[in-house]
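below are the sequence and a predicted model for it; my questions follow.
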Number of protein chains: 2
Amino acid sequence: MSRKGAKVSIRDVAEEAQVSVATVSNVVRNRKNVSDAVRARVEEAINRLNYLPDRAAMQLREGRNRIIGVLVPSLDNPFFTALIACLEDRARKDGYDIIVASAGEDSELASSRLKALLSWRPAGMIVLPNDDLFADASFLDAAGVPYVVIDRLPHSCNADTIAVDNEQAATEAAAYLVGLGHRRLLVVATTLSLANIRERCAGITAFCVQAGLPVPTVLEVGHHAEEGPEVLTEMLTGSEAPTAIIALTNSITLGALRCLHQSGCAVPGDVSLVGYDDYAWMRATHPPITAISQPVDALGAQAWSRLMHRIAGESTAPMQVRLSCTLVVRGSTAPPRTGEFS
Amino acid sequence: MSRKGAKVSIRDVAEEAQVSVATVSNVVRNRKNVSDAVRARVEEAINRLNYLPDRAAMQLREGRNRIIGVLVPSLDNPFFTALIACLEDRARKDGYDIIVASAGEDSELASSRLKALLSWRPAGMIVLPNDDLFADASFLDAAGVPYVVIDRLPHSCNADTIAVDNEQAATEAAAYLVGLGHRRLLVVATTLSLANIRERCAGITAFCVQAGLPVPTVLEVGHHAEEGPEVLTEMLTGSEAPTAIIALTNSITLGALRCLHQSGCAVPGDVSLVGYDDYAWMRATHPPITAISQPVDALGAQAWSRLMHRIAGESTAPMQVRLSCTLVVRGSTAPPRTGEFS
DNA sequence: TCTTTGCGGTTAAACGTTTAACCGATTGAG
DNA sequence: CTCAATCGGTTAAACGTTTAACCGCAAAGA
């Protein structure tokens, strides 16, 4: 056992094993033929000293190594953390380490976090921008780091992107509700300044227009709506209360559910609810929540493999991938109570 | 704008600004007096070239720098991710970066992840061991890296620890239920091989014994119980069905709730439920869940500040901190239906 | 006028690796 | 017997920083 606090380097191992540092390096990276006797001596020394190679030194020497930077808006949202869990798993299997930074909703902070990640000289980056501009893309381009953008696609983007087919998903939900007989839909969103949210709205609106129905009201309640926004409660108790709600986000789903209970609306008796994302708790409520399930694992897996290809040197044109969501029907949706077909 | 892919080093900046590398270093770290003219020239060059200092090189030079390694059992559990979110926030404020690794439930993997973290030469580590042995503690000691252990305390530990007062929390929950009139309690746990879970059980058992009640049954259902374990469903429909359930984990709370709904038990009509941890979804269910709320932020904050003190050189004896939980009473608990007092 | 001090900048060593180049000794082919 | 090739190992340079030591020069104190 080495003495406490001693940072042991390859040099110490070399000395202990009576060989040169190059030989130690060769045995740990097994690059050249090393005689069994010497190899044994070196490994012995490594174990005795608890030697661990220094990643910073490796990285410095090799120019760029097996780090992937991951930038997400927040670590409080299960959608993001599920994605990270997926990426971390892939990374480990491919021998990479990921470094995660959360950017919050402040684009100033996002920039600084991005630079912090870049200063690790990562082999690649996976980014979930927190706005549609993603002005920092130019920074990534300039740095020459391969990257792929997930979920929130910038306006103009010449990078690989992996996202969900928001329009399809939302359309499917709307079609299902209308098929049940609902006419007064309410859409609850975080903010329309995000393209993916706009796409979801667009899908619903387009469907309604096509079906000859009035375009549904869209309520913007911001990012912190878990507690159930008052404006939604008011709307539920009004005379023109909707018979069905589509929540466009997991936090909104939570908030909407809360409002429904607070205002005494029965689900699905008085109002049907379709949630976004599909988490364990949605299966545990009573009734369980009908939800638009995003393929989180597939999202992560595709992003990862795309990035690996780029790192390997693939230089084809950027790819824009869209994955489709599935509507999981559960107990929170039913035909509207009275036969009030318009 | 620099040409694509060019990794620009301090040397390039020096050349561009017609100064020595030392001067560039001095201006970015502003250590010595640099004339305004030169400073401007250098900053100009930095911006023109998009220069970012190389962390690996810094780290190598400085021996050990501002990285904290964080090791958690999983990234799928909101308790862990909430903790990470909290730590990341502190880290950013104190100018540190955190590197997160998840160890799974395999202690083999945990070891290898720990070593991977250590090879970054972090200034400190925050560890949530995935078993009570935490055999790798010796490795950390040998490496001389300050560390603090959160939540799952090893059997014998001469390190700083921050945990929750599991016994107090569980006792409080049991007392509350017994106070409501419940006599047949059921405790649902992941596994008794974890000390914190055992402590929770112990609290409940001790209280019941003291109150002259039979010791409650304890059900072990493993870590993946979100879907609602069959054995629990059976127990709920039996003749000796409990009138109240204490779930010792957030995932168990989910699983228990699911079982209750599946077997048609009304909550709290037929059975009362006390959950563990306090997440947004528990406030959105109908009824909202009475829960033992762990002070996640305080846990993270204390761990962080403890670690900072150690890094700063504090060499007092290791501290064992226990934080208390609070029972948040909501709608999922009520007196038992019939007046069946033993 | 001579010495000191401080300012503004440069030089060079060091951090822990990897790896191309090298080298002596043994082996095998011709 | 000679030359080449292979084997098993070493030497030294390089990666991008930081920082102690140094240096020329101008201002100030004696």
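Cool, the structure landed. As the structure is a prediction and not an experimental result, all values here were calculated from the model.

can you name the residue of chain A nearest DNA strand C?
Nearest residue of chain A to DNA strand C: residue A:10, at 2.8 Å (CB to the nearest atom of the strand). Heads up, the C-betas are built off the backbone N, CA and C, glycines and all.

so what's that residue up against?
Counting by CB atoms under 8 Å, 6 or more residues apart in numbering or on different chains, residue A:10 touches A:21, A:24-25, A:51, A:53.

from residue A:22, how far off is residue A:39?
14 Å (CB to CB, to the nearest Å).

give me the more crowded residue out of those two.
The residue with more neighbours, out of residue A:39 and residue A:22, is residue A:39; 17 against 12, by other CB atoms under 10 Å in any protein chain shown.

and the more buried one, what does it touch?
residue A:27 are the contacts of residue A:39 under CB under 8 Å, 6+ apart.

per-residue pLDDT, it?
Residue A:39 carries a pLDDT value of 94.

could you point out the longest strand of chain A?
strand A:65-72 (DSSP state E).

what about the next helix or strand after that strand, distance to the chain center?
Heading C-terminal from strand A:65-72, the first helix or strand you meet, by DSSP states H and E, is helix A:78-93. In this view, helix A:78-93 has its centroid 8 Å away from the chain centroid, taken as CA atoms, centre = their mean, to the nearest Å.

how about residues contacting helix A:78-93?
In contact with helix A:78-93 (CB under 8 Å, 6+ apart) are residues A:68, A:70, A:72-75, A:96-98, A:100, A:126, A:128, A:150, A:250, A:277, A:279, A:294, A:296-297, A:299-301, A:303-304, B:74-76, B:78, B:81, B:100-102, B:113.

now do the residue in the stretch 51-200 of chain A positioned nearest to chain B against residue A:213, distance only.
Nearest to chain B in the stretch 51-200 of chain A, going by CB to the nearest CB, is residue A:144, at a distance of 3.2 Å. Using CB to CB, we find residue A:144 at a distance of 50 Å from residue A:213.

who's more crowded, these two?
residue A:213 (17 against 14).

doesn't that one fall inside a helix?
No - assigned with DSSP: H, G, I helix; E, B strand; the rest coil, residue A:213 falls outside any helix and is coil.

pretty sure it contacts residue A:182?
No - applying CB atoms under 8 Å, one finds residue A:213 not in contact with residue A:182, separated by 9.3 Å.

before we move on, back to that, and the residue of the stretch 51-200 of chain A closest to chain B, how far from residue A:58?
Note on residue A:144: its distance to residue A:58, by CB to CB, is 21 Å.

likewise for residue A:90?
For residue A:90, the distance to residue A:58 (CB to CB) stands at 21 Å.

of these two, give the one with the bigger neighbour count.
With neighbours defined as other CB under 10 Å, residue A:90 and residue A:58 compare such that residue A:90 has more, 19 against 16.

and the helix or strand residue A:201 falls within, average pLDDT?
For residue A:201, the element it lies in under DSSP H and E is helix A:195-210. Mean pLDDT, computed over helix A:195-210, is 96.

next SSE downstream of it?
Helix A:195-210 is succeeded, C-terminally, by strand A:217-220 (DSSP H and E).

for the very next helix or strand once past that next one, buried residues please.
Using DSSP H and E, the next helix or strand after strand A:217-220 towards the C-terminus is helix A:230-237. Going by neighbour count (16 or more other CB atoms under 10 Å in any protein chain shown), the buried part of helix A:230-237 is A:232-233, A:235-236.

would you point out the most distant pair within those?
A:233 and A:235 (7.3 Å; CB to CB).

OK, contacts around residue A:227?
Listed by CB under 8 Å, 6+ apart, the contact set of residue A:227 reads A:255, A:258, B:283.

spell out which residues of chain A are next to DNA strand D.
Residues of chain A lying close to DNA strand D (CB under 7 Å from any atom of the strand) are A:19-23, A:26, A:32-35, A:37-39, A:57, A:60-61, A:63.

turn the buried ones among those into a named ChimeraX selection, would you?
With 16+ other CB under 10 Å as the criterion, this ChimeraX line picks the buried residues out of the residues of chain A next to DNA strand D:
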select /A:19,23,26,34,38,39,57,60
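
can you list which of the residues of chain A next to DNA strand D are found in strands?
Applying DSSP E to the residues of chain A next to DNA strand D, no entry is found in strands.

ok, and which of the residues of chain A next to DNA strand D reach DNA strand C?
Within these, those near DNA strand C by CB under 7 Å from any atom of the strand are A:21-22, A:26, A:57, A:60-61.

which two in the residues you listed are spaced the farthest apart?
A:26 and A:60 (19.1 Å).

residue A:65: what's it in contact with?
By CB under 8 Å, 6+ apart, the contact list for residue A:65 reads A:55, A:58-59, A:121, A:123.

kindly state the beta-bridge partners for it.
residue A:122 (DSSP bridges).

tell me the spacing between it and residue A:57.
Distance from residue A:65 to residue A:57, counting by CB to CB: 11 Å.

could you pick out the buried ones from the contacts of helix A:78-93?
For the contacts of helix A:78-93, buried by 16+ other CB under 10 Å: A:68, A:70, A:72-75, A:96-98, A:100, A:126, A:128, A:150, A:250, A:277, A:279, A:294, A:296, A:299-301, A:303-304, B:74-76, B:78, B:81, B:100-102, B:113.

hang on, the earlier thing: list only buried entries from the contacts of residue A:10.
In the contacts of residue A:10, the ones that pass as buried (16+ other CB under 10 Å) are A:24-25, A:51, A:53.

mind saving the C-alpha coords of the host helix or strand of residue A:12 as CSV?
Under the criterion of DSSP H and E, residue A:12 resides in helix A:10-17. Provided in CSV are the C-alpha atoms of helix A:10-17 (Å, rounded to 0.1, in the frame of the first residue of the first chain):
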residue,chain,number,x,y,z
ILE,A,10,4.2,6.0,-14.5
ARG,A,11,7.7,7.0,-13.4
ASP,A,12,7.2,5.6,-10.0
VAL,A,13,6.0,2.3,-11.5
ALA,A,14,9.0,2.2,-13.8
GLU,A,15,11.3,2.7,-10.9
GLU,A,16,9.6,0.1,-8.8
ALA,A,17,9.7,-2.5,-11.6
